[in-house]
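Pasting the sequence and the predicted coordinates here, then a few questions.
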Amino acid sequence: MSARCYLVTVVVIASLISYDFPAAAGTITIKGSDTLVILSQKWAQHYMSMNPQTKIQVTGGGSGVGLAALQNNNTDIANASRSIRPAERAACIKAFGRNPREYKVALDSLLVYVHPSNPIDELSLEQLRAIYTGRIRNWEQLGGLDSPISLYSRENSSGTYEFFKAHVLKGRDFIATAQTMPGTAAVIQAVAKEPNGIGYGGAAYGHGAKHLRIKKTPTSPAIEPSEENILSGQYPIWRFLFNYLNPAKDKGEIGDFLHWVRSDEGQAVVKEVGYYPLPPDHRVAQDDRKRPD
């Protein structure tokens, strides 16, 4: 099932509907990164069970979609798996007169997935770049079977796509034959069915496919994307996940929810879903209600 669009009310409902529902009065709306959809759903479930007066709606669509909705005042919180762009920041300032507020809410490792039958267990960043830019097109060139590589990627509105292009491809274009998928779940499902497939996505989506160890350089050791290696920075493809909002809305129910997300209790949900909790110096104390002005 695609992770393109989700709606969370008291009961979490997953759907493929691509349009927005109007939020009821008193409802917190969250929109954006497909990487963050599952985690945001879980946060919403936990938080609403403790605060039944609060209703939270979560939809996906990609980081770019969420940040566009924030600029247009069509969401309270924008989920993003990348940092906001300068042009997006400027559009927010134009829309609501202030810099959008940024909160780091979790850590994620970008995993590289192949079919479980693939004998390849590790790749370097250089090899990944060569695969996704078309310089390597057969698994035999990497020590595998003599089979053409089937590439799976994300749509260009995805923060995961942008992060991979910036940090792995070093800004180079993806080869045109890379098949664009509507969400990380769709990438993983495709790779799990395609013996010659390769794809990438967030750490929480890897069921059914095999992830590879990654080498920063051709001669460096291959690193497993474990929590320890993410927190230490040894695994070379990791990132923060973000919430963005109009600072004027960082109060009341919205402010309390975002504060809880970064508390130890909210960060326990991060680990439950399969991502990595924020380091202690990025968290907030459960009883500390102070937020930036």
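Now that the structure is in, tell me what you want to look at.

quick check: longest helix of the chain.
What stands out as the longest helix in the chain, according to DSSP state H, is helix 37-50.

quick one: buried residues of that one?
37, 38, 39, 40, 41, 42, 43, 44, 45, 46, 47, 48 (16 or more other C-beta atoms under 10 Å). For every residue, glycine as well, the C-beta is placed using N, CA and C.

Which residues does it contact?
Here helix 37-50 makes contact (C-beta atoms under 8 Å, 6 or more residues apart in numbering) with 3, 6, 8, 10, 12, 30, 54-56, 58-60, 79, 106, 183, 204-205, 241, 257, 260-261, 265-266, 269-270, 272-273, 275.

Could you pull up the mean pLDDT of it?
What helix 37-50 shows for mean pLDDT is 96.

roughly how far is it from the heart of the chain?
Between the centre of helix 37-50 and the centre of its chain there are 16 Å (C-alpha atoms, centre = their mean, to the nearest Å).

Please report phi then psi for the spatially most central residue of the chain.
Centroid-nearest residue in the chain: residue 35, 2.9 Å away (criterion: C-alpha atoms, centre = their mean). Dihedral pair for residue 35: phi -60, psi -40, per degrees, to the nearest 10.

mind listing what it touches?
Residues counted as contacts of residue 35 (C-beta under 8 Å, 6+ apart) are 79, 81, 108, 159, 160, 184, 201, 202, 204, 241.

how about 10 Å then?
Residue 35 makes contact with 3, 60, 62-63, 79-82, 106, 108, 110, 154, 158-160, 163, 183-184, 201-205, 239, 241, 275, according to C-beta atoms under 10 Å, 6 or more residues apart in numbering.

Residue 201 too?
Going by C-beta under 10 Å, 6+ apart, residue 201 touches 3, 34-35, 81, 108, 110-113, 152-154, 158, 160, 164, 181, 183-188, 191, 209, 211.

tell me the domain boundaries of this structure?
Here the domain parsing of the chain from automatic domain parsing is 5-107+240-282, 111-231.

Go through the ones you listed and find the least confident stretch.
domain 5-107+240-282 (a mean of 87).

okay, now residue 207: neighbour count?
When counting by other C-beta atoms under 10 Å, one arrives at 10 neighbours for residue 207.

Adding distance to residue 89, write the buried residues of helix 37-50 out as a markdown table.
Listed next are the buried residues of helix 37-50 as a markdown table, based on distance: C-beta to C-beta, whole Å:
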| residue | distance to residue 89 |
| --- | --- |
| 37 | 23 |
| 38 | 27 |
| 39 | 24 |
| 40 | 22 |
| 41 | 27 |
| 42 | 28 |
| 43 | 25 |
| 44 | 26 |
| 45 | 31 |
| 46 | 31 |
| 47 | 28 |
| 48 | 31 |
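
Contact partners for residue 216?
124, 125, 126, 222, 223, 234, 235, 236, 237.

Which one of those residues is nearest to residue 69?
residue 237 (27.3 Å; C-beta to C-beta).

nearest residue to the closest one other than its sequence neighbours?
In this structure, residue 237 finds its nearest non-sequential neighbour in residue 110, 4.2 Å apart by C-beta to C-beta, 6 or more residues apart in numbering.

Then residue 98?
Using C-beta to C-beta, 6+ apart, the nearest residue to residue 98 is residue 247, at 5.3 Å.

can you check residue 202 too?
residue 35 (4.3 Å).

Skipping adjacent residues, who's closest to residue 91 in space?
residue 71 (4.2 Å).

list the contacts for that neighbour?
78, 87-96, 100, 244, 246.

Out of the buried residues of helix 37-50, which comes closest to residue 147?
Of all the buried residues of helix 37-50, residue 147 sits closest to residue 38, with 31.9 Å by C-beta to C-beta.
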